[in-house]
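>>> Could you look at this predicted model? Sequence included:
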Amino acid sequence: MKPRIIFFGSDKCSVFVLNQLVNDSRFKLVGVATLEPKPKGRRGETAPNPVELYAKTLFEIKFFPLKKFNKKAVNQFKNLKADVGILAWYGKMLPKEILALPKHGVLNVHPSLLPRYRGPSPVQAAIFNGDKQTGVTIFKMDEQMDHGPILAQFKEEIKPDDTAESLYERLFTLGGQTLISILPAYLKGKIAHRQQDHPKATYTRRLTRDSGKIDWKTPDAEIERFIRAMHPWPGSWTRVKIPGYKDTRRLKILKAHLEKGQLVLDAVQLEGKKSVTWKQFQQGYPKAKIIKSR
């Protein structure tokens, strides 16, 4: 009998792991859970997330877009009789009722070297802090955030031009490969757990749209890392004063680099406009001035 797997994920990076499980004939995917899309914009319209779009192509798989884990949802998962759950960027903590359902628990593919950078933005933190390397930890989940025992870890170099997007994609691709390589042995009880060194734990914060505001008082090297860490979401931004506009406007800094230690802007996007090079922006708004006060 093939091991029966439930998958939890909500981001495009989740699909990198999900796809490897789907295409490995040793496993049987019996269910996919993702968060219900949230209303956006003035009209309250919703759009499916990448996991939902992918899961709907898997016609024989049970799909669950969930707002919360109520009694009905718990019963639905119980009926799947899963051997193990796999979580990769789901977006919410799993309640103990769900964690207890699979025979072998739920494994999490987390993009940091736990216990460093627990929480929702580990890659952003690693880039912003100037770390030279990060990695992926596969651990068995418990009721606390990123707290459970470790099954496998590997390290990955952070490249000088890595953004959060490029590094997340690489880590989840490699994390999926590592997961499927250890999963058969784990299900046979042949991989020992290693407890995390909890006193050394560090935590990351949940990012919001306003988290990307640039603090121009910080060193240029730190700002350059911040711009890469915030790409593509929430994006780094500042306020700009343009003659002819009553109020200041938000300007996204899409790309920048350091030149002899000085920050050089490469690409920007004025709110409501298309992205342009910094040179094009200066040509279009020659008297625009970045507001660098807090």
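Sure thing, it's come through. Residues are numbered from 1 along each chain as shown.
>>> so Phe226 makes contact with Asn129?
No. In this structure, Phe226 sits apart from Asn129 without contact. The criterion is C-beta atoms under 8 Å, and the distance is 10.3 Å. (Glycine included, C-beta is placed from N, CA and C.)
>>> These two - which one has more neighbours?
Ranked by neighbour count (other C-beta atoms under 10 Å), Phe226 and Asn129 place Phe226 first, with 21 against 14.
>>> Find the nearest non-adjacent residue to the spatially most central residue of the chain, please.
The residue at the geometric middle of the chain, judged as the C-alpha nearest the mean C-alpha position with C-alpha atoms, centre = their mean, is Trp89 (5.8 Å). In space, Trp89 comes closest to Asp11 once its chain neighbours are excluded; the distance is 4.2 Å by C-beta to C-beta, 6 or more residues apart in numbering.
>>> got a list of what that neighbour touches?
For Asp11, the contact set (C-beta atoms under 8 Å, 6 or more residues apart in numbering) comprises Asn49, Pro50, Val51, Trp89, Gly91.
>>> what about the residue nearest to the last one when sequence neighbours are not counted, distance to Pro37?
Spatially, and ignoring its direct neighbours in sequence, Gly91 is nearest to Ser10 (4.6 Å; C-beta to C-beta, 6+ apart). In this structure, Ser10 and Pro37 are 9 Å apart, going by C-beta to C-beta, to the nearest Å.
>>> Same check on Phe281?
Note on Phe281: its distance to Pro37, by C-beta to C-beta, is 33 Å.
>>> Not including adjacent chain positions, what is the nearest residue to Gln262?
Across the structure, with C-beta to C-beta, 6+ apart as the measure, the residue nearest Gln262 apart from its sequence neighbours is Asp220 (5.8 Å).
>>> tell me the contacts of Phe7?
Taking C-beta under 8 Å, 6+ apart as the criterion, Phe7 is in contact with Ser14, Val17, Leu18, Leu21, Leu29, Gly31, Val32, Ala33, Gly85, Ile86, Leu87, Ala88.
>>> where's it relative to Met1, distance?
With the distance defined as C-beta to C-beta, Phe7 ends up 18 Å from Met1.
>>> State the mean pLDDT of stretch 142-162.
Here stretch 142-162 scores 98 as its mean pLDDT.
>>> Oh, that last question was meant for stretch 172-184, not what I typed.
In the prediction, stretch 172-184 has an average pLDDT of 98.
>>> ok, and what's touching that stretch?
Defining contact as C-beta under 8 Å, 6+ apart, one finds that stretch 172-184 is touched by 3, 13-14, 16-17, 19-21, 24, 26-27, 84, 86, 88-89, 107, 109, 111, 136, 138, 151-152, 154, 156, 191.
>>> Please, which helix or strand holds Ala256?
strand 249-259 (DSSP states H and E).
>>> Now do the helix or strand just after that strand: distance to the chain's middle.
The helix or strand immediately downstream of strand 249-259 is strand 262-270, counting by DSSP H and E. Offset of strand 262-270 from its chain centre (C-alpha atoms, centre = their mean, to the nearest Å): 24 Å.
>>> Quick check: the gap between the spatially closest residue to Gly130 that is not a sequence neighbour and Glu52.
Closest residue to Gly130 apart from its sequence neighbours, by C-beta to C-beta, 6+ apart: Arg225 at 5.9 Å. Taking C-beta to C-beta as the measure, Arg225 falls 33 Å from Glu52.
>>> what number of residues lie near Val106?
Other residues near Val106 come to 23 when the count uses other C-beta under 10 Å.
>>> So what pairs up with it in the strands?
Beta-bridge partners for Val106, by DSSP bridges, are Gly85.
>>> of Phe281 and Pro37, who's got more company?
Between Phe281 and Pro37, counted using other C-beta under 10 Å, the more crowded position is Phe281 (20 against 14).
>>> Would you mind identifying the next helix or strand past whichever strand or helix holds the more buried one?
Per DSSP H and E, Phe281 falls inside helix 278-284. Past helix 278-284, further along toward the C-terminus, the next helix or strand under DSSP H and E is strand 289-291.
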